[in-house]
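[1] sharing a model prediction with you, sequence too.
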Amino acid sequence: MKRSFWSVCLSLVLTSSLLLGACGNGNSDNKTPESSASTDANKGEASGKPASSGEQVVIRHTMYDTEFTSEMVAEFEKTHPNIKVELVSADYNKLMAMMAAGNGPDIIRTNSVTELPGFVLKGMALDLTSYFNESSVFKTDDFLPVVNQFRYDTATGVHGTGSLYGFPKDWSPDYTIYYNKKMFEAAGVPLPSSTDAMTWKQLVDLGDKLTIKNGKKVSQYGLVYFNGGTVANQDLLNLQLLQQGGSMYSSDFGKADLTTPQMKDLLQFWVDTAKSGVGPSPLHQETDWGGQLFVDNKAAIIIAGYWFSGFLKTNELTKDRLADFGVAPAPMMEGGKRISPTGAGTGAIIYKNSKHPKEAWEVFEWFFGGQPAEERAKAGYGLPGTKTLAAMLPQSTEFDKMNYDFIQNELQYTDGSLPYNPYLNYQAVNSIFDKYFTPVYFDKDTVDGASKKMTEELNTLITEGKQLVSPQ
């Protein structure tokens with residue numbers, strides 16, 4: 001029924017040749033695009049040559065070749081003749097095998113939200129705090145709050161504080177909303193505020209007013225989500241829980257509990273939402289992802305991030321009618337805190353056992369803080385990690401100016417870490433929701449019954465996941 005967010009983003013990159021902002025590897029099993037410039041996992045012994053020998057060293061990375069292009073490599077190597085930069089194509093399993101063989105890449109593409117804590121706990125990430133503090137390129141007082149998503153405190157297990165292990169390439173507050181003004185006008189519904197956040201209930205109620213049905217068949221959805229159905233899933237639930245100061249896990253992430261009153265209320269909210277037909281769900285299945293439904297005029301509102309503005313600007317179905325679209329803040333829980341975090345945060349870490357950390361940092365610093373970072377910011381297909389770069393975002397057109405003004409306001413609410421469990425695989429949790437919660441929509445199970453089954457299986461996987469973590 002749905003395509004994962006990460007697959008969708010990759011598809012958009014390949015089809016439009018754009019670096020969309022939020023496209024991170026939320027699913028650790030996703031594969032990076034294959035490239036003719038790739039090196040074999042067992043190649044790269046040159047990385048082991050000591051830098052002090054004066055010989056050229058090889059720094060290998062797992063960024064996509066659409067991100068770290070051959071032109072960028074040539075530009076870097078021109079001013080750094082002692083370093084050769086190579087791409088390694090590696091999915092999660094291949095990456096783990098390379099680590100086990102002591103041949104890990106020096107710079108590892110990382111999703112700050114779902115991958116960073118696990119990489120730190122597995123002993124894969126180099127503490128870069130001193131590198132940033134001593135850098136002439138990065139100024140820590142210039143960092144946007146999203147940089148905290150690359151922090152992890154190994155002593156307390158808290159994501160978002162402690163040592164700094166990486167940096168974002170691009171990101172978005174992924175739960176803001178884009179809407180079709182013409183559909184609002186046709187329904188006689190006032191446009192939402194661009195600065196004041198709705199509650200989740202208000203958003204769903206608004207979507208319901210914009211939903212058009214022909215009998216039981218929906219011809220126009222009121223509300224779609226870019227990363228799946230308008231249903232209970234770990235992304236939306238984690239945001240709602242964060243806004244309430246809660247989590248489906250214990251404070252040390254050692255246990256899951258989806259049977260609490262808070263969790264069951266949220267799960268019931270999404271059951272009711274799915275049954276209303278306001279968006280795609282197991283009851284109203286769609287083969288297209290939410291973004292396609294939106295540009296096809298089959299959806300009035302989409303939950304997405306700043307990167308979606310870049311998609312609209314380049315999509316053949318929307319690029320000539322940008323005045324049709326507006327943007328509004330991420331919804332919030334009634335009585336909760338307004339938080340509009342990133343759902344991915346694409347960036348990278350440096351491998352803890354890199355044989356050439358100094359040279360790896362030179363590549364890292366240039367790519368994430370130098371000319372490539374400036375070019376990405378000016379292109380505007382994602383948000384950068386610093387205030388200085390954020391000032392370079394596009395503002396030349398009315399559509400760009402609308403998005404720029406909106407994001408300046410939304411940035412003040414972006415500091416917060418979604419409570420994903422570092423011992424769990426992102427896709428495995430999705431599978432548990434699909435397996436046990438789908439029957440609830442069809443009245444084949446209850447929220448109580450499904451929440452107990454999900455809790456039991458999640459705790460089994462957490463126990464297994466903790467056994468894979470190396471001690472710090």
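    Now that the structure is in, tell me what you want to look at.

[2] for the most centrally placed residue in the chain, what is the enclosing helix or strand?
    Centroid-nearest residue in the chain: A344, 1.5 Å away (criterion: C-alpha atoms, centre = their mean). Under DSSP states H and E, no helix or strand contains A344.

[3] pLDDT on the helix or strand containing A74, on average?
    Secondary structure from DSSP H and E places A74 in helix 70-79. Helix 70-79 shows a mean pLDDT of 97.

[4] got the CA positions of it in PDB?
    Output of helix 70-79 as PDB, limited to C-alpha atoms (Å, rounded to 0.1, in the frame of the first residue of the first chain):
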ATOM      1  CA  SER A  70      32.600  13.300  -8.900                       C
ATOM      2  CA  GLU A  71      32.900  17.100  -9.600                       C
ATOM      3  CA  MET A  72      33.000  17.700  -5.900                       C
ATOM      4  CA  VAL A  73      35.700  15.000  -5.400                       C
ATOM      5  CA  ALA A  74      37.800  16.600  -8.200                       C
ATOM      6  CA  GLU A  75      37.500  20.000  -6.600                       C
ATOM      7  CA  PHE A  76      38.500  18.700  -3.200                       C
ATOM      8  CA  GLU A  77      41.400  16.700  -4.400                       C
ATOM      9  CA  LYS A  78      42.700  19.700  -6.400                       C
ATOM     10  CA  THR A  79      43.400  21.500  -3.100                       C
END
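
[5] would you mark the buried spots in that helix?
    M72, V73, F76 (16 or more other C-beta atoms under 10 Å). C-beta here means a position set from N, CA and C on the backbone, and glycine is covered the same way.

[6] same question for stretch 110-130.
    For stretch 110-130, by 16+ other C-beta under 10 Å, it's 110-122, 124-128.

[7] next one: it to chain centre, how far?
    Remark: stretch 110-130 is offset 15 Å from the chain centroid, using C-alpha atoms, centre = their mean, to the nearest Å.

[8] how long is it end to end?
    20 Å (C-alpha to C-alpha, to the nearest Å).

[9] how close does D127 get to E115?
    17 Å (C-beta to C-beta, to the nearest Å).

[10] and T259, by the same measure?
    28 Å.

[11] pLDDT averaged over stretch 288-297 - what is it?
    98.

[12] again, but for stretch 167-179
    Stretch 167-179 comes out at a mean pLDDT of 96.

[13] check the offset of it from the chain's centre.
    8 Å.

[14] again with stretch 431-449
    Using C-alpha atoms, centre = their mean, the offset of stretch 431-449 from its chain centre is 26 Å.

[15] got the buried residues for it?
    For stretch 431-449, by 16+ other C-beta under 10 Å, it's I432, F433, Y436, F437, T438, V440, Y441, D445, V447.

[16] backbone phi and psi for the third one, please?
    Put plainly, it is Y436. Main-chain dihedrals, Y436, degrees, to the nearest 10: phi -100, psi -20.

[17] how about the contacts made by it?
    Neighbouring residues of Y436 by C-beta atoms under 8 Å, 6 or more residues apart in numbering: D445, A450, K453, M454, E457.

[18] element containing the last one, please.
    It refers to E457. helix 447-467.

[19] counting by contacts, list what that helix packs against.
    Contacts defined by 3 or more C-beta pairs under 8 Å, 6 or more residues apart in numbering; DSSP states H and E place helix 447-467 against helix 261-276, helix 426-441.

[20] what lies in contact with it?
    By C-beta under 8 Å, 6+ apart, the residues outside helix 447-467 that reach it are 253-259, 263-264, 267-268, 271, 421-425, 428-429, 432-433, 436-437, 439-440.

[21] got any ranges where this protein has weak pLDDT?
    1-54, 470-472 (pLDDT under 70).

[22] I108: neighbour count?
    28 (other C-beta atoms under 10 Å).

[23] partner residues bridging it?
    Counting by DSSP bridges, I108 is bridged to I349.

[24] tell me the contacts of it?
    H61, T62, L95, F119, M124, A125, A348, I349, I350, Y351.

[25] out of these, the closest to S193 would be?
    A348 (36.2 Å; C-beta to C-beta).

[26] distance of the closest one from P422?
    For A348 relative to P422 (C-beta to C-beta), the value is 18 Å.

[27] wait, isn't S354 in contact with M99?
    No: in terms of C-beta atoms under 8 Å, S354 does not count as a neighbour of M99; the distance is 11.4 Å.

[28] which residues are common contacts for the two?
    Contacts common to S354 and M99, judged by C-beta under 8 Å, 6+ apart, are absent.

[29] for V88, grab phi and psi.
    phi -120, psi 120.

[30] scratch that, M98 is what I was asking about
    Torsion angles, degrees, to the nearest 10, at M98: phi -60, psi -40.

[31] neighbours of it, how many?
    M98, neighbours per other C-beta under 10 Å, totals 21.
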